[in-house]
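Peer 1: Need a 3D model of the following:
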Amino acid sequence: GCDIYSGCCTLKIEFAKPERLNVFKNDQDSWDYTLSEDVQPTQRSAPLLQSPQYTGGRPQPYNMDFGSGGPPPP
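Peer 2: Here you go, the predicted structure:
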């Protein structure tokens with residue numbers, strides 16, 4: 001273990017060493033790596049919003065142009 005700060009709790013981490021691994025489903029959380037490479041895990045769906053734009057913009061679909069940047073006209 002290792003103390004990050006003196007006087008705090010010690011965290012000890014060890015690798016799991018199971019002799020047998022049971023995979024009940026193949027998804028983003030668990031995947032049977034012993035399967036051939038022909039079988040691919042299910043793809044996650046695309047996010048609803050695009051990546052944020054760090055140039056002051058908001059992610060789509062909220063980046064609507066209302067002119068001065070204020071609320072939409074009534």
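Peer 1: And for Asp32, the neighbour number?
Peer 2: For Asp32, the count of nearby residues is 13 (other C-beta atoms under 10 Å). Backbone N, C-alpha and C define where each C-beta goes, glycine included.
Peer 1: right, I mislabeled it, should have said Ala16
Peer 2: 5.
Peer 1: Can you report phi and psi for Arg11?
Peer 2: Quick fix: residue 11 is Leu, not Arg. Dihedral pair for Leu11: phi -110, psi 120, per degrees, to the nearest 10.
Peer 1: Can you tell me the number of residues neighbouring it?
Peer 2: Neighbour tally, Leu11, other C-beta under 10 Å: 9.
Peer 1: can you tell me how far it sits from Lys17?
Peer 2: Look at Leu11 and Lys17: by C-beta to C-beta, to the nearest Å, they are 19 Å apart.
Peer 1: Quick one, grab the pLDDT at Asp32.
Peer 2: On pLDDT, Asp32 comes in at 75.
Peer 1: Find the nearest non-adjacent residue to it, please.
Peer 2: Val23 (4.1 Å; C-beta to C-beta, 6 or more residues apart in numbering).
Peer 1: now that neighbour: how far from Asp29?
Peer 2: 10 Å.
Peer 1: Between the two, which has more neighbouring residues?
Peer 2: Val23 (12 against 6).
Peer 1: Next one: the more buried one from Leu35, what distance?
Peer 2: Per C-beta to C-beta, Val23 is found 9 Å from Leu35.
Peer 1: what about the chain, any weak spots by pLDDT?
Peer 2: Applying pLDDT under 70 to the chain flags the ranges 1-4, 36-74.
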